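S.K.: Sharing a model that was predicted from the sequence below.
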Amino acid sequence: MVNKVYPDATAALDGLLRNDITVMAGGFGLCGIPEFLIDALKASGVTGLTCISNNAGIDGAGLGLLLQTRQIAKMVASYVGENKTFERQYLDGDLELEFCPQGTLAERIRAGGAGIPAFFTRTGVGTMVAEGKEVREFDGEKFVMERALQADLSIVKAWKGDAEGNLIYRMTARNFNAPMAMAGKVTVAEVEELVPTGSLDPDQIHTPGIFVQRIIACDGYKKQIEQRTTRPKAA
C-alpha cells in the first residue's frame, strides 16, 4: 500500500513544486483555506504560479501571502475585493487576472475533475465574460461555452481525514475544496484530525481517497475573519 501520510506541509509538497505551475487552492475567503500548505508554498520560493481560487485571500493571510512575495503571476478567481496588494499589482500590470462568475468557476472546476472538457451556460451571455468564446443557441436561448479547469497541484483543507485520503469537510469550509480535490493532477490535503482508516462513516465522506495523493495533520489554525462587523450592545 502507498503511504499517503506525510509529517508536515513541506514534506508533503516535496517533489511537486516547480516554477510556472497551476495551483488550485481551496477555501472561500479565509474559510477552509489550506493555511499550512500555503505557508509551505511561500517558503519554497516557487514563482510564476497560476492560482485558481475563489478569491485571493487578504493582505497577510491566505493567498495574499503569495502575492506579497510576488510568487503569483496569474489569478483565476471570482472575487478579489479584499486584497490591496492584489489591486496594486493588477493595476501596475504585474499580475494577470481572469475573472469568472462564481457559479461558473465552481462548475469549471467540477467539470475538470469529472473529465468534461467544456460546457455551455447562460451566465455571462452578452457581457465581457463571453468575449472571445463560442456562443450557441439552445431552445431559443443563447449559451456561452466555458472550458473546464484542471491544475498541476490542488491544495485543500478538510476537517477530518484518514490515512487513505478520505476527507470530510465541516459546514461552510466544504466550499471549493471538494471539487478542487478532484481537479488536481496531484492533490495534497491538510486536515484538523487524522483518524484511523475505516473509522469514518462512508456515507459522510465528501472526497473519496482516490482523489487524494498526500495528506497531513495540522493544528494551531488561525481561522481568521475577513471582516468583523459589530454594533453596540443594546441597552
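M.R.: That came through, no problem.
S.K.: tell me the strands in this protein, going along the chain?
M.R.: 22-25, 49-52, 72-77, 96-99, 118-121, 135-138, 141-147, 151-162, 167-168, 184-195, 214-217 (DSSP state E).
S.K.: Just checking: what are the partner strands of the fourth one?
M.R.: Neighbouring strands of strand 96-99 in its sheet, by DSSP bridges, are strand 72-77 (parallel).
S.K.: quick one: average pLDDT of the partner strand?
M.R.: Strand 72-77 carries an average pLDDT of 96.
S.K.: by how many degrees do the longest helix along the chain and strand 184-195 diverge?
M.R.: Among the segments of the chain that qualify as a helix by DSSP state H, the longest is helix 102-114. Orientation of helix 102-114 against strand 184-195 (axes from the mean of the first three to the mean of the last three Cα atoms, to 10 degrees) gives an angle of 90 degrees.
S.K.: rewinding a little: can I get the strands of the chain in TSV including mean neighbour count and distance to Leu41?
M.R.: The way it works is simple: take the backbone N, C-alpha and C, and place the C-beta from them, glycine included. Listed next are the strands of the chain as TSV, based on neighbours: other Cβ atoms under 10 Å; distance: least, Cβ to Cβ, whole Å:
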stretch	mean neighbour count	distance to Leu41
strand 22-25	26	7
strand 49-52	23	8
strand 72-77	21	10
strand 96-99	13	18
strand 118-121	16	29
strand 135-138	10	37
strand 141-147	16	25
strand 151-162	26	7
strand 167-168	24	20
strand 184-195	21	10
strand 214-217	23	13
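S.K.: Columns distance to Thr10 on top of those, output as TSV?
M.R.: TSV is the format used below for the strands of the chain (distance: least, Cβ to Cβ, whole Å):
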stretch	distance to Thr10
strand 22-25	16
strand 49-52	17
strand 72-77	19
strand 96-99	28
strand 118-121	36
strand 135-138	46
strand 141-147	33
strand 151-162	13
strand 167-168	21
strand 184-195	11
strand 214-217	10
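S.K.: any idea how far Met145 lies from Glu96?
M.R.: 22 Å (Cβ to Cβ, to the nearest Å).
S.K.: what does Glu87 give?
M.R.: Distance, Glu87 to Glu96, by Cβ to Cβ: 14 Å.
S.K.: on that earlier part again, report all helices and strands that the longest helix of the chain contacts.
M.R.: In this structure, helix 102-114 makes packing contacts with strand 118-121, strand 141-147, helix 177-183, judged by 3 or more Cβ pairs under 8 Å, 6 or more residues apart in numbering; DSSP states H and E.
S.K.: What residues of it count as buried?
M.R.: Of the residues in helix 102-114, those buried under the neighbour-count criterion (16 or more other Cβ atoms under 10 Å) are 104-113.
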